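Visitor: Below: sequence and its predicted model.
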Amino acid sequence: MEILFTSPGYKSGINLGGTVLVVSELAENLVRLGHQVTIYTTNSNYDQALSVPLNTPIEINGVKIWYFKYYEPLKRFLFFLPYFANTMGIVYSPAMWKKLYSEGGQFELIHAHLPFIYPTWVATRAARRHHRPFFYHDHGVLDPNRLKHRALKKQVALFLVERPIMRSATTLFALSPAGCQAYRKLDIERPCCVIPNGIAVENYRISPSSMISQRLRQLDKKILLLYFGQLLPIKGPLILLEAFLSIVNEFPDAVLVYAGPDPCRLQLRIMNKAQHAGFGNRVKFLGIVSGEEKKNLLARADIFCLPSKAEGFSIAVLEALASATPVLLTPGCYFPRVAEVGAGLVVDRTVQSLSWGLRLLLGSPGMRRQMAISAHQLVEAEYTWPRIAALMADAYREGIERYKFEKIKLE
């Protein structure tokens with residue numbers, strides 16, 4: 001199959017979050033299955049422009065990537081309003097539309113990643129113009145709890161733009177059954193296929209290498225509780241701190257480590273609370289961690305915790321599992337399998353429940369060791385990228401056949 005992805009960013013745009021990693025891994029694994037994949041993307045990296053070749057194809061691991069220049073007029077002229085400034089924006093790219101308009105017909109299908117952005121809007125227009133099946137992937141963004149954040153502009157966008165786009169889709173993709181329910185709550189009845197994210201297990205390690213960084217070496221002999229990801233209120237970094245502070249006296253060797261970008265500037269607030277409680281020295285911030293240090297950090301962690309209100313299907317959780325690290329999650333992570341196979345715990349998103357989970361895991365080294373084994377076995381059995389890419393290819397074939405059938409009915 002000749003497949004076109006549209007995406008706001010690609011691979012090096014790490015500030016855009018885990019979706020750009022998902023898009024790149026999925027594309028590369030579809031190529032390994034024998035398909036041709038092209039990416040139309042932009043040079044966005046959230047709050048900066050990447051230095052990449054524009055308007056010309058480059059090839060990375062068999063995937064052909066076209067980068068187009070993006071613009072953010074609202075962020076530019078309303079930079080003094082956090083409501084507009086502290087967002088990814090719509091990733092407006094007229095050069096991408098020009099390319100799609102003229103050459104979108106050369107692909108067998110068009111798959112748009114993420115809602116509320118210009119690339120997805122132009123993808124559906126191109127699919128309609130060139131009579132190609134259109135596949136829509138929200139990556140968990142349409143979860144009701146996530147729609148409450150910046151709700152006004154999202155409701156306007158849903159009414160004017162996003163619902164018509166979804167209703168034109170051949171197939172909707174969801175990361176969990178809850179994702180399909182989110183579409184239905186928006187009165188979207190198109191066929192929905194559940195395919196979770198995957199992980200390249202071979203890229204992670206189950207114990208740190210000897211070349212560990214100095215700042216990780218300073219955490220030797222500590223029980224490391226890790227929060228890894230963007231510091232966003234919906235992901236629960238603050239409630240995790242409260243739970244940690246409630247049990248910190250019981251475990252004098254435990255430290256809470258936050259790693260990831262801080263777009264909402266929560267670090268100062270978290271540190272002030274920790275210092276006010278008298279435990280500022282037990283809470284650490286590493287900022288953005290990547291490469292070998294990231295692998296070592298995930299492998300070094302004793303517990304990974306994500307008390308999120310609403311996730312799509314967290315890449316960070318998969319990375320922790322691939323690193324043989326037990327996880328403590330909340331129902332909003334939509335990952336009940338970790339509890340079913342004994343790879344971690346899923347507890348209510350309250351300070352009391354999180355404290356109970358932390359106390360149980362911190363006080364049970366044997367349980368953590370057994371969970372570590374189950375964690376690694378889980379991702380190897382169910383969430384490798386070759387398996388996920390094969391499921392996606394099957395969904396494309398089914399969608400293409402349905403598109404042809406619906407087209408014949410209309411004629």
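Guide: Received it, and whenever you're ready, just let me know what you need.

Visitor: got the residue ranges for the helices in the stretch 51-200 of the chain?
Guide: Assigned by DSSP state H, counting those that start in this stretch, the helices in the stretch 51-200 of the chain fall at 73-77, 82-85, 94-103, 118-130, 144-147, 151-157, 163-167, 177-185.

Visitor: what's the fifth one packed up against?
Guide: Applying 3 or more C-beta pairs under 8 Å, 6 or more residues apart in numbering; DSSP states H and E, one finds that helix 144-147 contacts no other helix or strand. The C-beta positions use only the backbone N, C-alpha and C, and glycine is treated the same way.

Visitor: okay, the closest residue to residue 344 other than its chain neighbours: pLDDT?
Guide: Spatially, and ignoring its direct neighbours in sequence, residue 344 is nearest to residue 327 (3.6 Å; C-beta to C-beta, 6 or more residues apart in numbering). Residue 327 carries a pLDDT value of 98.

Visitor: bridging residues for residue 327?
Guide: Beta-bridge pairing for residue 327 (DSSP bridges): residue 304, residue 344.

Visitor: so how far is residue 355 from it?
Guide: Distance, residue 327 to residue 355, using C-beta to C-beta, to the nearest Å: 16 Å.

Visitor: Looking at the two, which one has more neighbours?
Guide: Shown here are residue 327 and residue 355; by other C-beta atoms under 10 Å, residue 327 has more neighbours (27 against 18).

Visitor: Let me see the contact set for that one.
Guide: Taking C-beta atoms under 8 Å, 6 or more residues apart in numbering, we find residue 327 in contact with 303-306, 317, 320-321, 338, 343-345, 375.

Visitor: try it again with 7 Å
Guide: Shown in contact with residue 327 (C-beta atoms under 7 Å, 6 or more residues apart in numbering): 304, 317, 320-321, 338, 343-344, 375.

Visitor: same question, residue 112
Guide: Each residue near residue 112 by C-beta under 7 Å, 6+ apart is listed here: 6, 119-120, 123-124, 136-137.

Visitor: Isn't residue 283 up against residue 276?
Guide: No. With contact defined as C-beta atoms under 7 Å, residue 283 does not reach residue 276; the gap is 11.5 Å.

Visitor: Neighbour count: the two, which is higher?
Guide: More crowded of residue 283 and residue 276, by other C-beta under 10 Å: residue 283, with 22 against 10.

Visitor: and the nearest residue to the more buried one once chain neighbours are set aside, helix, strand or coil?
Guide: Nearest non-adjacent residue to residue 283, counting by C-beta to C-beta, 6+ apart: residue 274, 4.2 Å away. Three-state assignment for residue 274 (DSSP: H, G, I helix; E, B strand; the rest coil): helix.
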